[in-house]
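*Asks:* here is the input, now give the coordinates:
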Amino acid sequence: MLLGYLFIFAARVMDVSLFTIRMLLIVRGKRLQAAIIGFFEVIIYITALGKVVSGLSDYRNLIVYALGYACGNFIGSLIEEKLAIGKITAQIICQHCDGQLLAKKLRNNGFGVTLVEGEGRDGKRQILNVMLNRKDTKNLYNALDELENKPIVTVFDIRSIKGGYFTKMKRR
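*Replies:* Modelled structure (predicted):
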């Protein structure tokens, strides 16, 4: 009986985690990979659901099923964060620095940077646009912490890119 509960829980954690990854892949335009994951996801889902439906008189099956769902959401989001699939654009607004110098230092750290001038409430600002792999976001923040005092950083997801400068990040 305990093995049955464990099976339902583990199957639900797996299928919801796969669902999370599949949805990320669909949003990123990776249809084939999403379809393959979906195949295995539905097999696991139907198997777990069948186990619960065949034992509906045992309320613990439903509780374990729901717990597996909740944990699957949590674990799926952790997996998605670790995979960090895709590209992003970070927009950095310099408040207290020379944008040209910051752009040069970021380029020396392996980032592709486009520098533009903008105007805010308090006057002219330099804006750096950096396209990078999502998994390199932490490296960008670390470089910024060393180079700029309190920059304003906004991050946007990118679905597709044509052209641009991408390089392997320098390891520290």
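*Asks:* now the residue of the chain positioned farthest from its centre: phi and psi?
*Replies:* Relative to the centre of the chain, and counting by CA atoms, centre = their mean, the farthest-placed residue is Ser57 at 39.8 Å. Per-residue torsions, Ser57: phi -70, psi -20 (degrees, to the nearest 10).
*Asks:* low-confidence stretches in the protein?
*Replies:* 160, 163-172 (pLDDT under 70).
*Asks:* whichever strand in the chain runs longest pairs with which strands?
*Replies:* Under DSSP state E, the strand in the chain containing the largest number of residues is strand 123-133. With DSSP bridges as the test, strand 123-133 is paired with strand 87-94 (antiparallel), strand 112-120 (antiparallel).
*Asks:* quick one: contacts of it?
*Replies:* With contact meaning CB atoms under 8 Å, 6 or more residues apart in numbering, strand 123-133 is reached by 84, 86-95, 98-100, 102-103, 106, 111-119, 140, 158, 161, 164-166, 169. Heads up, the C-betas are built off the backbone N, CA and C, glycines and all.
*Asks:* thinking again about what came up before, just name the most buried of the strands paired with strand 123-133.
*Replies:* Ranked by mean neighbour count, the strands paired with strand 123-133 are led by strand 87-94 with a mean of 19 (mean count of other CB atoms under 10 Å).
*Asks:* show residues contacting that one.
*Replies:* Residues outside strand 87-94 that contact it (CB under 8 Å, 6+ apart) are 102, 118, 120, 125-134, 137, 140, 144, 148, 151-158, 161.
*Asks:* ChimeraX command to pick out the buried ones of these?
*Replies:* Typed into ChimeraX, the line below selects the buried ones among these, using 16 or more other CB atoms under 10 Å:
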select :102,125,126,127,128,130,131,132,134,140,144,148,151,153
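*Asks:* great, nothing more from me.
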